[in-house]
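Trainee: Output the structure for:
(one chain, ligands or ions: 2)
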Amino acid sequence: MSNGWDRDRPTVCVVGSGGREHALASALARTAEVIVAPGNAGMAALSAGEFSCVDADPEDIDADLWVVGPEAPLVNGLADRLRAQGKLVFGPGSDGARLEGSKAWMKEILASAGVPTAGYGAFDAEGPAIEYLRSLPAPWVVKTDGLAAGKGVLVTDDFDAAVADVRAKLSGAAFGAAGRQVVVEEGLVGPEVSVMAICDGVRAWPLVAARDYKRAGDGDRGPNTGGMGALSPVPGAGEDVVDAVMRSAVEPTLAALRDRGVDYRGVLYAGVMLTAAGPKILEFNVRFGDPETQVVLPRWDGDVTAVLAAAAAGRLDAAPPITWSSDAAVTVVLAAAGYPDSPRAGDAITGLDAAAAEEGVQVFTAGVGAAPDSPADASGLVTAGGRVVAVTGLGADIDAARSRAYAGVSHVDWPGLTYRHDIAAPSPAGNGPEVATPR
Ligand code: AMP
Ligand code: GLY
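Mentor: Numbers count the residues shown, from 1 in each chain. Ligands and ions are numbered 1, 2, ... in the order given. Predicted structure coming up:
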């Protein structure tokens, strides 16, 4: 283990390049020197010296703590390789990351731990998958077994579409190898909530709940995306709901992992549906949510670095308590033309500085690149991914936070910019079948 902790400000390497990593870097930078590897051109332009971005292999960076943002490097063993070099890492090894890397394995773990979740079958052949679909009432749910950037899930009221999706996934046409096995699930109904917990292998400490808006369009229409916006706190999902999720899902899962010899240190993220029969787990992710992090981290007003370092060391018992601002937070994701199917790159972005200058607004960049030969400020930035920017507003209540977020959004523009106009709007929203069902 590195031993920089007697220094005033430890150095933290944040691995990743999205809005989640931008929000992590901002929060960690309150109490640490932060290097983001590689970050993106927007982060570098907006950070104002708060942290730095380095396009280097995280294994070559000198730091006291590594915080790995995205799932892919975790599934591919980055945390294992860093730990093998004696480094302090917040993020599970590839054994624990399999929870997100294989939905079939996750379902097996949940079943063995007695965690409430949708009934399911895992299939690598069409016939049995379709037969199982036939046995279920609508809505039908078809998921890729492997990683698909939040886009591998179809929830539909159209049986034929579900069958076509099974075929497209299993044939490899839709998601390549990630779809060669599919998980078909019983459709659950209810509002959704994301509960993230900081784990040290044995103990798990919850963060405040957040809600993600997964559908591309207003009124929860259109395809699933990586997430088009988020809010925290979530009306109806206070401490009691978080406690219920911790007791019924997070703690038993951590114990089941431990029973299998998995020392899980990192975030365990439960995607939860609040059904009439109580909270049920839709999925586990093995990292902070995106865009949930862009609303949860700005509300965390304590020493984030100390908590993540303690978890990485297996010593959450020695960490300072997690404390929260009473402010609400709302984030609106601004996406490139063509997202989620085929986002267009290269569109010139304007207004990020003006958005960030609004009171109570923070701007987190994701799919942002620099135009060739552009200056190192926000004037030469272009779209370079699907979800381009998340604009977070903080305020005394959800209405105030939402107004601030959209006030920030109003400054930002590029050709083909799309976003949802109903994030955190008073009418209930969240997710539903392809045709939105009111609730
Ligand atoms: P996942 O990536 O597994 O969380 O799925 C993405 C989204 O699909 C979830 O946030 C839900 O809105 C929806 N979903 C997933 N599983 C189910 C299910 N069993 N029943 C209804 N909706 C689901
Ligand atoms: N916002 C959903 C996720 O991070 O997977």
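Trainee: which stretches of the stretch 1-150 of the chain form strands?
Mentor: 11-16, 33-38, 52-53, 65-68, 89-90, 120-123, 140-144 (DSSP state E, counting those that start in this stretch).
Trainee: so for the fifth one, what's the average pLDDT?
Mentor: Looking back up the chat, that one is strand 89-90. Mean pLDDT, computed over strand 89-90, is 98.
Trainee: do the same with the fourth one
Mentor: Confidence over strand 65-68, taken as the mean pLDDT, stands at 98.
Trainee: would you list the strands of the stretch 1-150 of the chain in CSV and tack on mean neighbour count?
Mentor: In short, each C-beta sits where N, CA and C put it, glycine included. Formatted as CSV, these follow (neighbours: other C-beta atoms under 10 Å):
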stretch, mean neighbour count
strand 11-16, 26
strand 33-38, 23
strand 52-53, 20
strand 65-68, 28
strand 89-90, 28
strand 120-123, 20
strand 140-144, 25
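Trainee: Looking at the ones you listed, spot the one closest to ligand 1.
Mentor: Proximity to ligand 1, assessed across the strands of the stretch 1-150 of the chain by C-beta to the nearest ligand atom, is greatest for strand 140-144 (4.3 Å).
Trainee: Next one: that closest one, is it in contact with ligand 2?
Mentor: No. Residues of strand 140-144 contacting ligand 2 under C-beta under 6 Å from any ligand atom: none, with a closest distance of 12.8 Å.
Trainee: Dump that strand to PDB, restricted to CA.
Mentor: C-alpha atoms of strand 140-144 as PDB (Å, rounded to 0.1, in the frame of the first residue of the first chain):
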ATOM      1  CA  TRP A 140     -41.500  -8.400 -21.600                       C
ATOM      2  CA  VAL A 141     -37.900  -7.800 -20.600                       C
ATOM      3  CA  VAL A 142     -34.800  -8.900 -22.600                       C
ATOM      4  CA  LYS A 143     -31.300  -8.100 -21.500                       C
ATOM      5  CA  THR A 144     -27.800  -8.800 -22.800                       C
END
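Trainee: so what pLDDT did the residue nearest to the spatial centre of the chain get?
Mentor: When C-alpha atoms, centre = their mean is applied to the chain, the residue found nearest the centroid is residue 289 (1.8 Å). Listed pLDDT for residue 289 reads 97.
Trainee: for it, what are its contacts?
Mentor: 20, 194, 196, 210, 212, 227, 230, 269, 296 (C-beta atoms under 8 Å, 6 or more residues apart in numbering).
Trainee: mind listing which of the residues you listed are in helices?
Mentor: Among the contacts of residue 289, DSSP state H puts 20, 296 in helices.
Trainee: Let me have the contacts of residue 289 in JSON lines, extended by neighbour count, pLDDT and distance to ligand 1.
Mentor: Listed next are the contacts of residue 289 as JSON lines, based on neighbours: other C-beta atoms under 10 Å; pLDDT from 0 to 100; distance: C-beta to the nearest ligand atom, whole Å:
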{"residue": "20", "neighbour count": "25", "pLDDT": "98", "distance to ligand 1": "16"}
{"residue": "194", "neighbour count": "29", "pLDDT": "98", "distance to ligand 1": "9"}
{"residue": "196", "neighbour count": "25", "pLDDT": "98", "distance to ligand 1": "14"}
{"residue": "210", "neighbour count": "26", "pLDDT": "98", "distance to ligand 1": "12"}
{"residue": "212", "neighbour count": "26", "pLDDT": "96", "distance to ligand 1": "7"}
{"residue": "227", "neighbour count": "23", "pLDDT": "94", "distance to ligand 1": "9"}
{"residue": "230", "neighbour count": "29", "pLDDT": "98", "distance to ligand 1": "12"}
{"residue": "269", "neighbour count": "25", "pLDDT": "98", "distance to ligand 1": "10"}
{"residue": "296", "neighbour count": "25", "pLDDT": "98", "distance to ligand 1": "17"}
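Trainee: Among the contacts of residue 289, which are located in strands?
Mentor: The strands, defined by DSSP state E, take in 194, 196, 212, 230, 269 from the contacts of residue 289.
Trainee: Any chance of these in a markdown table with distance to residue 281 as columns?
Mentor: Formatted as a markdown table, these follow (distance: C-beta to C-beta, whole Å):
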| residue | distance to residue 281 |
| --- | --- |
| 194 | 11 |
| 196 | 13 |
| 212 | 15 |
| 230 | 19 |
| 269 | 11 |
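Trainee: Contacts only, for whichever residue of the stretch 101-250 of the chain sits closest to ligand 2.
Mentor: Nearest to ligand 2 in the stretch 101-250 of the chain, going by C-beta to the nearest ligand atom, is residue 227, at a distance of 3.7 Å. When contacts are counted by C-beta under 8 Å, 6+ apart, residue 227 touches 150, 212, 213, 214, 289, 290, 291, 292, 333, 387.
Trainee: Can you list the low-confidence ranges for the stretch 1-150 of the chain?
Mentor: 1-7, 150 (pLDDT under 70).
Trainee: Just the buried positions in stretch 47-59, please.
Mentor: Judged by neighbour count (16 or more other C-beta atoms under 10 Å), stretch 47-59 contains these buried residues: 47, 51, 52, 53, 58.
Trainee: Show me how far it is from its chain's centre.
Mentor: Distance of stretch 47-59 from the chain centroid (C-alpha atoms, centre = their mean, to the nearest Å) equals 21 Å.
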